[in-house]
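Undergrad: starting from these lines, generate the structure:
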Amino acid sequence: DVQLVQSGGGLVQAGGSLRLSCASPGFTFDDYAIGWFRQAPGKEREGISCIYTNDGSAVYADSVKGRFTISSDNAKKTVYLQMNSLKPEDTAVYYCAAGTPLGCSAYGSDGLGYDYWGQGTQVTVSS
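TA: Residues are numbered from 1 along each chain as shown. So this is what the prediction gives:
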């Protein structure tokens with residue numbers, strides 16, 4: 001059974017840091033695009049980053065570029081999203097998603113095409 005299990009998140013003050021994890025114990029980790037998305041109340045889902053486990057190539061949305069870093073530990077079958085310099089506007093429910101076998105450019109920034117989704121985790125940044 002394919003599952004993505006998320007951990008991390010929580011409440012942090014503006015300027016602080018959090019790290020989100022997305023583990024995939026149920027399937028082989030090769031050739032997967034793992035994306036991170038967020039959705040704030042009343043707003044559409046936003047794709048913020050993606051990494052291709054095949055070669056480690058990563059992309060970022062302009063809204064998080066320079067502040068967030070995505071990484072993959074293929075041995076642990078886990079992708080991380082390190083979030084630094086957090087702002088109140090980063091407050092949202094964050095989701096990871098996995099798609100295979102193509103790289104990140106094959107999937108929509110709105111999440112279209114991804115096959116599996118994590119359960120979501122709340123990130124709240126106070127001002």
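Undergrad: for the residue lying closest to Asn84 once chain neighbours are set aside, give me its contacts.
TA: Take Asn84 and drop its neighbours on the chain: the residue closest to it by C-beta to C-beta, 6 or more residues apart in numbering is Ser17, 4.7 Å away. Bear in mind the C-beta positions are built from the backbone N, C-alpha and C, glycine included. By C-beta atoms under 8 Å, 6 or more residues apart in numbering, the residues touching Ser17 are Gln82, Met83, Asn84, Ser85, Leu86.
Undergrad: what of Val125?
TA: By C-beta under 8 Å, 6+ apart, the neighbours of Val125 are Leu11, Val12, Gln13, Ala14, Gly16, Leu86, Lys87, Pro88, Glu89, Asp90, Thr91.
Undergrad: what pairs with the helix or strand harbouring it, parallel or antiparallel?
TA: Per DSSP states H and E, Val125 falls inside strand 121-126. Applying DSSP bridges, strand 121-126 is found paired with strand 10-13 (parallel), strand 92-99 (antiparallel).
Undergrad: alright, I will stop here.
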